[in-house]
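Novice: no sequence for this one, just the structure:
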């Protein structure tokens, strides 16, 4: 990671209030915050608003009050999905969809029709290698495992050529080495292409290792933003999660082992 930081706002939320109509409970109330250009991870307990903030910042959700500026564009002016994708490629948690085309054809199509100013002819093959997609190129999305589909969707996010990539738990079903291999590639891609990456993951070690900035969500609604190396401390993490750090790390290990068991089972089921 670079030791020199220059905070350049990429996204601004000004006096934003938001609630989901079915609950009418405010998720954010009069929130003003600037999200920096670069690689930013969102950290905090479930239910503190991480996913909602990503969706607001991407223009997928619109605030009840206030304004969200995405690279100085009011997100209310980005209602068409294709227009919005010029600015943001969004990877949702637990994405599933069916296609008629094969995955290999889709990868080529997305790249060819993406928004890259200069297309890298080797990007598709690099992503096939990094995301380990060689064995699924002839399949359709409904014919692959959850882990394989996650890797495919991550590849799509870079092939779109959007100016910003946002990811909500994009790697939870992957094996440990795959998570680090893909995050290495993602972060390097964001730096070489001068695009911003915003993401949330369950694994704190991933958040600490692969980010310039950290946005911490506290249960009381307080948001804390700063350089990861300054914000990511055992004391801050314990306060945000309301759990001693050592217990939180143990919980992560159990969660990771459970996911690996489920992923292994899914791979076995797919091979039957």
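Specialist: Ah, there it is. Every value quoted in this text rests on a predicted model; they were computed, and no experiment measured them.
Novice: OK, contacts around residue 87?
Specialist: 59, 70, 71, 73, 78, 162, 163, 164 (C-beta atoms under 8 Å, 6 or more residues apart in numbering). The C-beta positions use only the backbone N, C-alpha and C, and glycine is treated the same way.
Novice: list the contacts of the fourth one.
Specialist: Residue 73 is in contact with residue 87, counting by C-beta under 8 Å, 6+ apart.
Novice: need phi/psi at it.
Specialist: The phi/psi pair for residue 73 (degrees, to the nearest 10) reads phi -100, psi 130.
Novice: what residues are bridge-paired with it?
Specialist: residue 70 (DSSP bridges).
Novice: which residues of this structure fall in helices?
Specialist: For the chain, applying DSSP state H gives helices covering 50-57, 81-87, 103-112, 123-130, 146-159, 176-192, 204-209, 228-231, 234-241, 245-271.
Novice: what number of residues lie near the residue nearest to residue 235 when sequence neighbours are not counted?
Specialist: Setting aside the residues directly before and after it, residue 235 is nearest to residue 245 in space (C-beta to C-beta, 6 or more residues apart in numbering), at 8.0 Å. Number of residues near residue 245 (other C-beta atoms under 10 Å) recorded here: 16.
Novice: returning to what we had before: quick one: the contacts of residue 87 as CSV, columns for pLDDT too.
Specialist: Formatted as CSV, the contacts of residue 87 follow (pLDDT from 0 to 100):
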residue, pLDDT
59, 96
70, 96
71, 94
73, 95
78, 94
162, 96
163, 95
164, 97
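Novice: so which of the residues you listed is the most crowded?
Specialist: residue 59 (24 neighbours).
Novice: check contacts around the nearest residue to that one once chain neighbours are set aside.
Specialist: Excluding the flanking residues, the one nearest residue 59 by C-beta to C-beta, 6+ apart is residue 75, at 3.4 Å. With contact taken as C-beta under 8 Å, 6+ apart, residue 75 is in contact with 56, 58, 59, 62, 67, 68, 69, 84.
Novice: do I have it right that residue 214 meets residue 237?
Specialist: No: applying C-beta atoms under 8 Å as the test, residue 214 and residue 237 come out as separate, 9.9 Å apart.
Novice: overlap in contacts, the two.
Specialist: What both residue 214 and residue 237 touch, as defined by C-beta under 8 Å, 6+ apart, is the set residue 43.
Novice: low-confidence ranges, the protein, go.
Specialist: Applying pLDDT under 70 to the chain picks out residues 1-6, 251-272.
Novice: could you rerun that using 80?
Specialist: Applying pLDDT under 80 to the chain picks out residues 1-7, 249-272.
Novice: if the residue positioned nearest the centre of it is in a bridge, with which residues?
Specialist: For the chain, residue 167 is the residue whose C-alpha lies nearest the centre (C-alpha atoms, centre = their mean; 1.4 Å). Beta-bridge pairing for residue 167 (DSSP bridges): residue 91, residue 199.
Novice: that one against residue 196, yeah?
Specialist: No: applying C-beta under 8 Å, one finds residue 167 not in contact with residue 196, separated by 11.6 Å.
Novice: can you count the residues close to the nearest residue to residue 190 once chain neighbours are set aside?
Specialist: Of all residues not flanking residue 190 in the chain, residue 197 sits nearest, at 4.3 Å (C-beta to C-beta, 6+ apart). Other residues near residue 197 come to 25 when the count uses other C-beta under 10 Å.
Novice: dump the residue contacts of residue 197.
Specialist: Neighbours of residue 197 in contact, by C-beta under 8 Å, 6+ apart: 38, 39, 40, 164, 165, 166, 167, 186, 187, 190.
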